[in-house]
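Peer 1: Structure, please.
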Amino acid sequence: MEIPPKSPDGSEKSPQSKELITSNTASTLCMSSRSESVWTSASRSKWDIYHKPVIVVSVGAAIFLFGMVITSLSCFLPKNKDVYKMCGPAFLSLGLMLLVCGLVWIPIIRKKQKQRQKSQFLQSLKSFFFNR
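Peer 2: The predicted structure is shown next:
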């Protein structure tokens, strides 16, 4: 067994343990977290907040309209009628599902934004009263 060498100042701590002690792990954790908006107070634009549900609603509406066109083609074109009757309702249901998911997602985001604002207000009140 080897005995680790002593440091020049006479303490028994190795250089690696000093690095671990002096490392800034708290700030590293904050920077690497998934939701940086909790740690930063910069306000985001409406597009940054709502861009995902808006895209889902737009794609869902486009697929739903495409499904309506394909379904109506089965009424007007006798050729390939079975293909239109199978694909049309599939696109209708997929588009409707995406449309509804996006429309439900928007109020959820609004509720989270309100809760976050209340939480930030309460945190500021706590820090005001308890850090005196």
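Peer 1: how near is the closest residue to residue 65 other than its chain neighbours to residue 43?
Peer 2: With sequence-adjacent residues excluded and distances taken as CB to CB, 6 or more residues apart in numbering, residue 65 is closest to residue 95, at 7.2 Å. (C-beta placed from N, C-alpha, C; glycine too.) As judged by CB to CB, to the nearest Å, residue 95 and residue 43 stand 34 Å apart.
Peer 1: And the two? Which one has more around it.
Peer 2: A count of neighbours by other CB atoms under 10 Å puts residue 95 above the other of residue 95 and residue 43, at 20 against 8.
Peer 1: wait, isn't that one in contact with residue 70?
Peer 2: No - using CB atoms under 8 Å, residue 95 is not in contact with residue 70; the gap is 10.8 Å.
Peer 1: Can you name the residues that contact residue 90?
Peer 2: Residues near residue 90 by CB atoms under 8 Å, 6 or more residues apart in numbering: residue 67.
Peer 1: any chance you could map the helices in the chain?
Peer 2: Under the criterion DSSP state H, the chain contains helices at 15-22, 25-32, 36-39, 46-76, 81-130.
Peer 1: Would you mind putting these into TSV with mean pLDDT alongside?
Peer 2: Formatted as TSV, those follow (pLDDT from 0 to 100):
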stretch	mean pLDDT
helix 15-22	52
helix 25-32	48
helix 36-39	48
helix 46-76	92
helix 81-130	89
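Peer 1: Please work out which of those is packed deepest.
Peer 2: helix 46-76 (a mean of 15; mean count of other CB atoms under 10 Å).
Peer 1: which other helices and strands contact that one?
Peer 2: helix 81-130 (3 or more CB pairs under 8 Å, 6 or more residues apart in numbering; DSSP states H and E).
Peer 1: the inter-axis angle of the helix it packs on versus helix 46-76?
Peer 2: Calculated by axes from the mean of the first three to the mean of the last three CA atoms, to 10 degrees, helix 81-130 forms an angle of 160 degrees with helix 46-76.
Peer 1: And the residue nearest to residue 113 when sequence neighbours are not counted, how far from residue 110?
Peer 2: Leaving out its chain neighbours, the residue that sits closest to residue 113 by CB to CB, 6+ apart is residue 49, at 6.9 Å. Distance, residue 49 to residue 110, using CB to CB: 9 Å.
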